[in-house]
Each structure stands twice: as C-alpha cells, then as structure tokens.
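A.B. asks: sequence unavailable; structure follows:
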C-alpha cells in the first residue's frame, strides 16, 4: 500500500465519493452538501499538491487495474497530466463556490452537485489516464456526467440543447472509440509515453496510421469544438452559468484539446506525426476554427453565445500550438490550456453574475453596467484583455510563444497573419462590450434587477470567484517566470517531450 | 424465495468447484451415458447458471410485491419454479435429447407465465409465442433424431469424438439451428418476441428477455462453437453474423420508435441478441488460442451484462407501470421526481445496454470491435457503432421523458423497497461486471469449449 | 435401395413432418395450427420408431422408444396448454 500506486486513484475518488453521497442527500440539507463539496475539492487540492511535488522530482505515480485481457485501466501522473489536473482542481474549487452562490434556492441542487462532482471525477480521470483505453473510458463518462448538467433547468430549450450536445459528443465518442480500438489492434497497448510510442513499432502502415489519426482527431475534435464539429457548443449555452463556466474552461472543451495533445505527443510523437504529414491538416483546421469562431462571435448579441464562439476560437490555439512542430510552439499551446481556462472562466462567471443580478443576457443590455457592478466588470475586463492578448494578462504569453514557435518552425508566413487577425477580431468583439460597460450611460431599468444586499454589488459567493480567477490570470502573466507557474511547467513538459 | 436462494447457494458452490477443479461431469442415477443421461458443468454453463440464479432471485423478490390478486399469484410461483428448473437443467445437460426436453419445458413454462399478463393482448402474444416455440422445438427434435440415425448416440461428450462433416450432420445442424433461431428471435424470426415480452407481467418479462432467450443462444453456442465446430466452415457462421447485424440495426431502430416502455425494452432485446450472434463469425474465424479466448470471454460477458441490464430494465418498467398506470413513454413526465431510485435504475441499465463505460458491455464491445478489426472483418464495425448510437438515442429519449416537467398531478415520492431488486441488478450490470470483468475472462475463457473426450 | 418396411415408415414420418410444417405455417385457425404441429410431432415420432428397428428377431433399440414416449408426453402437455389458451382467448373475445 504505497503512495505511488494509490495517489492517482485517490485523487479521482476525492470527487467521486462526495458526489455519490451528495446524490443521496435530501434537498434541504444544504449545509451538509456544501461541506461535502468543499471537503472534496480541498482534499483533491491537497492530494494534487502532493502529486505536483512528486512529479517535479521525477517520482512515478501509477494505479493499474486489469479490466480485460490486454486492457488495463491505468492512472498515471506525468507532467502533462499534472498540468491539467491542477487546472481542473483549482477551477473546480472556485466553481463550486460560485455554484453554491448561483444556485441558492434553485431546485434539484443535490442532483446538480452530484453530477457536478461526477463531471470533475471524469475530467480528473481523463487527465490522469495513462493509456488511450483509460482515456476513452473517462471521455465517455464525461459526456454522461455533463448531459444532465446541460439539461438541468428542464425547460424545452434546455432539453433540446442537451440532446444536440449528446448527439455530437456520443458520435464523436464513437469515432474516438473505433480509432482507439483500431490502433490497439495495430500497435498493442497504448500506454502514453513522452515522445510517442508509434515511432518505435515496426511494420505499421502509414496510410492506416493516417486514417486512425483522422478518426482520433475527429472524435476529439467534437469536444474540442474544431470546426465543423463545434455545433453543439453554442447550443449548450442553455446550461446554468456554473456549468457553462466549467464546461468551457475546464471540463469538456479542454478534455478534447487535452486529448489532441496526448495523441500527438504521447501516442504518435510529434516528430513522427509530422513525418506522416498529419500535422499540417490539423494546423489548417485549427487556423480555420480560430478565424471562424471569432467571426461568428462578432455577430452574437447574446452574451453567453458570444463567449461560446470565443471559446471555439480560443481552444484551437492549443491545437495550433500542437500542430506547429517545435518546443516553443508546444509551450505556447500547452500553457494556453491553462491560461485560456482561467480567463474564460472569469468571463463566464461575470456573465453569470450579470444574468443573476440584473437579468442581463444580451450585450445590448450592458450599457453602464460597470458603474453598477464594478467588481464583476473589472474581472470581465481583465479576462477580455487577456483574450485579446494584452499584457500583463496571461493570454499574451501564450500567443507570444505560439508566434515565436511559428517563426522557429518556419511557418511564420501563415501563422502570424492568423494570430494577428484573430487578436484583432477578439478586440473587435470584446472592446465594444467594455466600452458599453464602462463608458455608456445606463438605461433606466435593468431587465430583472435583484434587490441590492448590503454594500456588495452582488452576492459574495458570486463576486469573489471571478475576482479570484481574474487575479490568477494576471498572476499567471506577471509571474510567468516564477517556479511552478504554468509557463514553467509547460516548458518542463516540452523539454521532456522533445528529449525523446 | 427460499428455493431461489438455496438454488443460488448451490450454484455458487458449483461455480467454485468448476473454477478450482475444471469441468464437472455427473452421470444421473449412475447410468453411464449412452443409455443414461449425463450432466456437465463447464465454466460456460456455470457462469450462466450463476447469472440465471441471481436474476431469478431478484425477479422473484420483485414478484412477491408485484401481483395484486391472489389467484394469479398462486399460479405464478409453481410455473416460475418450473421455468427456473428447466433453465438450469438445460444449462447442465450434456445429452441432446435432454436438451430437447428441457427446452420444451422451458418454453411451456415461459408461455404459461407470459399468459398471466392482463388482457387479451397478452394471451394472443403468448399463443403466438407457443406456436412459434413448438415449431422450433419440432425442428430441433427432428435434428436430434437425425443425429441419432447417423451416429447412434445422443450424448454430447461421445458425439464430439464421432462427429464429422457430412450431409446428414449438416441437415441435422440446420434443423436444430432453425429451431433455435426461432426461439432466440434472430432476425427475421423475431416477430413473436416484442408482443410476448411487452405484454407479460414485469417479472416474467425480465425472465423471458434475460434468461429464456439466452438459453436458445446458449444452445446455438454449444452447437456451433462446440459440438459441431469441426464440421462447419466459417462461411456458414457469416449467415448468423449478418442476421445478427441486421437484428442490431432493425431492433434498435424499432426500439427508438416504440411508444411503450416495455415494447422498447423488448425490441432492445432483439437488438442486443443480435450482438451475440455477431460474435459467431469472429469466433469461427479464429484458431484456438488467446485471441479466441478473449473473444469468447467477451461473448459471455456481453450475454451476462445484457441479462442483468435487461431484467433490471423490465423490473423498473414494471414499477413505473404500476405507479403511472400505463407505460406510454411520452406521458412519463415527472417520473424522475416520483421514482428517483427507479429512474436511476433505468439510467444504469440503459448505460449497460448502450455499452457505456464502466459497464461490462463496454468491455465486451471493445473486444468485439477489436477482434473484428483485427480479423479484417470490417463489416461488423458500422453495425455495432450505429447500433450503439441508436441505443443511446432510445435510452436518452426515454430518460428525457422521465425527467420532463409535464405538470401532471404531481406524483408523490413513492419509491419503496420494490425498486431495490431492479437497482441491484442494474448495479451488477454496470459496476460489478464492468470492474470485475477480468474475473469473467479468467474463469470462462481458457479451454471453456473444448469437449475433451475421456469419461 | 430395397423398400423395406422401416424405410417406408421413415419416409412417411418425414412426409408427415413436411405436411405438418406446411399446415402450421399456412393455416389460419388456431386449432388447425395446433393440429398441424401435432402432425409434425407425429412425423418425428414415426421416424424415431422406424430407426429403432434393428433386424428380424432382434429386440429393437429401446432408446428411440424412450424418446418417442417422452416426446408424446411433451406434445400432449403443449397441446393442452395451447387449447387452454385458445379457450381463454375465445372467452375474452366474447366479453
């Protein structure tokens, strides 16, 4: 019973067990539910902290369970998993706090938090997956856990949006599954290894490998919202704000992107994939998505839909970083995984606050909201600036590295225009919002203002999470050179990947 | 109840014995086979025995609370027990004629139980079930007779020594298979199943879908993969596979369009059995060895998972029907609030039917696809993929309706202990078989179907 | 091939089986179908009896006889069940 083999499993269970218990709680027991939630989140944070320390010192954590002949469920902690696990854990804690505030007096909270915890369990399991088989399992469980959250409100629109979500993600899951099984029959157990495993195996037909790659990336691309597989994302905006925040910053979309990273780096190996000419199409798809997402965002008046399209665009930065061969681009893509998560969650928290406190759902209703809700709007501003790529918010760093990586890889001619155009488009759809919020005079009536309680602009539980994540976004930018910062960690991963 | 419990105990012991000592053979009454009848318990039979004991226990437990009038109740139990007896005898038989007898007993008990359902539709459906079943048995008997004419013995262990390809053998196999295909509702001979299973009382439907049809599939396995295996070419099994694939697609599609919950479940059975038949061409194309064992284990796992999941589904459907007064899917709004445990059972069972992790069916499907791709038999892949997606569609459609917020007279929370057996079954299907699947493989796979001779 | 007695019986059995099968598939009335299936059964039993012949003056093979006896029992029970259900169906139609 040594720590090395149990830690990954413990981390996964730290949200599974509270989640299962929460399901059994009666609606009224909010104190107990809150305690369970926070207990799970904090425990997980502590365990993850231990894991970070261990992995940094090159200790190996692995839990292995045989499910079928030749098929092992493997939870393995390498640097990449630690990156994603930490992101998920920190943001889960923050979102839990936010959700407790957001859903006050809402019905079916036990159900909500139960599935919420399952969602995080699936994400963490996925992050810690040590082979493609395990990854696929948790990927599917993630779909199942998020569906009830999207449909939570129970209204016809919610059910419809959830059904679209389910159709896309299950179809994508099936593609991923077939790709994974196919690869397994070709190449044996697909345990992730830095530098990829396929390049070492003899006798693999390159055409077949290309088809497998296509299947895998398509399956992952649905969740990662690669155009044209992104259709579910705007529809899923019917979910309550904490769900949108979690889905778009951490769980679903990042899971898809994370999967792409895994496949390219730890299954195929980036140099091998490049030699098969697989990365160029991926880069093109990423670039198209980046531009398309931003263009669509311009025309959206509904705030959450605008943010949704922004997500579509931003997550493909990760794919772009992955597709450009070279350690610097890798760093850019990986670190954007973290940065985009933190920034986007801030934006969604803010959007949720606007909706809850003032009934604002549309950009056109946001005139003068900065005066009424300065804290929230400040957080929103920081997030938006980060998205555009303005220092010192973290988004700047990731874009910088991707651009630099493109130059290093000799792909600058077409990557730079994409980056520049995208930043301009980001500015085009974010700056007007900021202008409205700060500089326009408010119209007389807010759509559905809740009464002001005390001095704070809104409920404390709703206010502090976005402020906290906004602060994180700035910190990640300002202190990027500090040890244990996301950037340092991404550089560590890249270094260990290219070392092979 | 006591009976099923003690049966379960005995089964458990047998399983343990088989696991540790290999195949068990027992000659009834001390008569040597040839004249006497032998009972044989190998890992496959033992696994299925355990499955049927558990399902029967759960369904029986459920049935104690289900029947509202005493007349039907008093008729239910004796027939129920005879069904289980026949089923277990069938799994343990090592003699072809004994198989016929147990098959008939099974069929008659099943029909009698199905006819206990309320209303004319149940009786019509069970009559059709009866006539179809009898036809199937007749065909089976004809095949048995042919075997006797050709080989002079009906004992499976001795037959395995003597059997060789030839027109009489093939004709016999053909007749027996035709009969069994009827009884296992393989497309296109499936038409009797949906009405019969949908109109029967819930515990009966559970037993029918989970156990009775499995018996027919089990016999197909015994004949094709075990007894007659040296005599047939792999190409013949392609017919079974193709019919199975069609069943998967057609059954899932019909389930999606079904208006009633129990009808949905019945069509789902047709589809799920199709998956089992897809294994046949794969298994026949593999030489003995680890890949074959893996695929065989997957087949058994799939059958086991379906049995638990489907029985859970039917029992849950029964609870819903009793509380809502009907089982029209579109009008089931609010069920989730009134019957949370039952709805949860539906979700779990549904997940196992779709083949989502962590259920046993996921692993079985993974292995199925893996074997198919590995053999280059790509044709099965789209069938399985589309079938799974369709299954997801009809399950989530069902769940969507149960979570709906139709404002009906708000059903008060009524879930009682009666929902427990279904829940336990569903948990076995998803969690136990999923996480413990390696045990199934270990137990069933190695040499499970090798009918070595020495007695 | 000599047209021996047992061959005639066997062929008749097969013929009966075929006729019964046709009837079972084509007949409309329940009673007709039940009878047809019984004829199927009778055909198989006849076949079995025919193959039990082992030669002049020698006791016939007892195993097929046992099979036939069992088969008859089963067939009778099945027919009884079918008829009972059919009667029940008639009753509910009248209600």
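C.D. replies: Now that the structure is in, tell me what you want to look at. Model, not experiment: these values are computed from the prediction.
A.B. asks: up against chain A, what does chain B have?
C.D. replies: B:290, B:293-294, B:297-298, B:351, B:356-358, B:362-363, B:366-367, B:369-370, B:373-374, B:381, B:385, B:388-389, B:392, B:396, B:400, B:403-405, B:434-435, B:437-438, B:441, B:445 (Cβ under 8 Å from any Cβ of the partner chain). Every C-beta, even on glycine, is put in place using the N, C-alpha and C of the backbone.
A.B. asks: which among the residues you listed end up buried?
C.D. replies: For those, a burial check counting by 16 or more other Cβ atoms under 10 Å in any protein chain shown picks out B:293-294, B:297-298, B:351, B:356-358, B:362-363, B:366-367, B:369-370, B:373-374, B:381, B:385, B:388-389, B:392, B:396, B:400, B:403-404, B:434-435, B:437-438, B:441, B:445.
A.B. asks: out of those residues, who's near chain C?
C.D. replies: Counting by Cβ under 8 Å from any Cβ, no member of these reaches chain C.
A.B. asks: among those residues, which ones are in helices?
C.D. replies: B:293-294, B:297-298, B:351, B:362-363, B:366-367, B:369-370, B:373-374, B:381, B:385, B:388-389, B:392, B:396, B:400, B:403, B:434-435, B:437-438, B:441 (DSSP state H).
A.B. asks: the closest residue to chain B within the stretch 351-500 of chain A - how many residues pack around it?
C.D. replies: Of all residues in the stretch 351-500 of chain A, the one sitting closest to chain B is residue A:355 (20.9 Å; Cβ to the nearest Cβ). Neighbours of residue A:355 under the rule other Cβ atoms under 10 Å in any protein chain shown: 18.
A.B. asks: chain neighbours aside, what residue packs nearest to it?
C.D. replies: Closest residue in space to residue A:355, ignoring its immediate chain neighbours: residue A:361 at 5.7 Å, by Cβ to Cβ, 6 or more residues apart in numbering or on different chains.
A.B. asks: quick one: residues contacting the one you found.
C.D. replies: A:302, A:303, A:304, A:354, A:355, A:447 (Cβ atoms under 8 Å, 6 or more residues apart in numbering or on different chains).
A.B. asks: after the lengthiest helix in chain A, next one along is what?
C.D. replies: Secondary structure of chain A per DSSP H: the longest helix is helix A:156-187. Proceeding N to C from helix A:156-187, the next assigned helix or strand is helix A:206-223, under DSSP states H and E.
A.B. asks: figure out how far that following helix is from the centre of its chain.
C.D. replies: The chain centre lies 21 Å from the centre of helix A:206-223; the measure is Cα atoms, centre = their mean, to the nearest Å.
A.B. asks: likewise stretch A:47-64?
C.D. replies: 22 Å.
A.B. asks: how about it: buried residues?
C.D. replies: Buried residues in stretch A:47-64 (16+ other Cβ under 10 Å): A:47, A:48, A:51, A:52, A:54, A:55, A:61, A:62, A:63, A:64.
A.B. asks: kindly indicate which of those residues lies nearest chain B.
C.D. replies: For the buried residues of stretch A:47-64, the nearest to chain B is residue A:64 (11.8 Å; Cβ to the nearest Cβ).
A.B. asks: what is whichever strand or helix holds the closest one packed up against?
C.D. replies: Assigned by DSSP H and E, residue A:64 belongs to strand A:61-68. For strand A:61-68, the elements it packs on are helix A:3-24, helix A:30-56, strand A:71-77, helix B:290-324, helix B:360-375, helix B:433-435, helix B:437-444, judged by 3 or more Cβ pairs under 8 Å, 6 or more residues apart in numbering or on different chains; DSSP states H and E.
A.B. asks: that one vs helix B:360-375, what angle?
C.D. replies: Here the directions of strand A:61-68 and helix B:360-375 differ by 80 degrees (axes from the mean of the first three to the mean of the last three Cα atoms, to 10 degrees).
A.B. asks: quick one: low-confidence ranges for the stretch 101-250 of chain A?
C.D. replies: A:248 (pLDDT under 70).
A.B. asks: flag every residue of it that's near chain B.
C.D. replies: Residues of the stretch 101-250 of chain A lying close to chain B (Cβ under 8 Å from any Cβ) are A:133, A:136-138, A:140-141, A:144, A:147, A:151, A:154-155, A:159, A:163, A:166, A:170-171, A:174, A:177-178, A:181-182, A:184-185.
A.B. asks: what subset of these is also close to chain C?
C.D. replies: Okay, of those, nothing touches chain C (Cβ under 8 Å from any Cβ).
A.B. asks: just after the lowest-mean-pLDDT helix or strand in chain B, pick out the following helix or strand.
C.D. replies: Every helix and strand of chain B was ranked by mean pLDDT, DSSP states H and E. The lowest is strand B:24-27, at a mean of 63. Going down the chain from strand B:24-27, the next helix or strand is strand B:38-41, by DSSP H and E.
A.B. asks: distance between that next one and the chain's centre?
C.D. replies: 21 Å.
A.B. asks: packing partners for it?
C.D. replies: Secondary-structure packing of strand B:38-41 (3+ Cβ pairs under 8 Å, 6+ apart): helix B:2-21, strand B:24-27, helix B:70-92, helix B:156-162.
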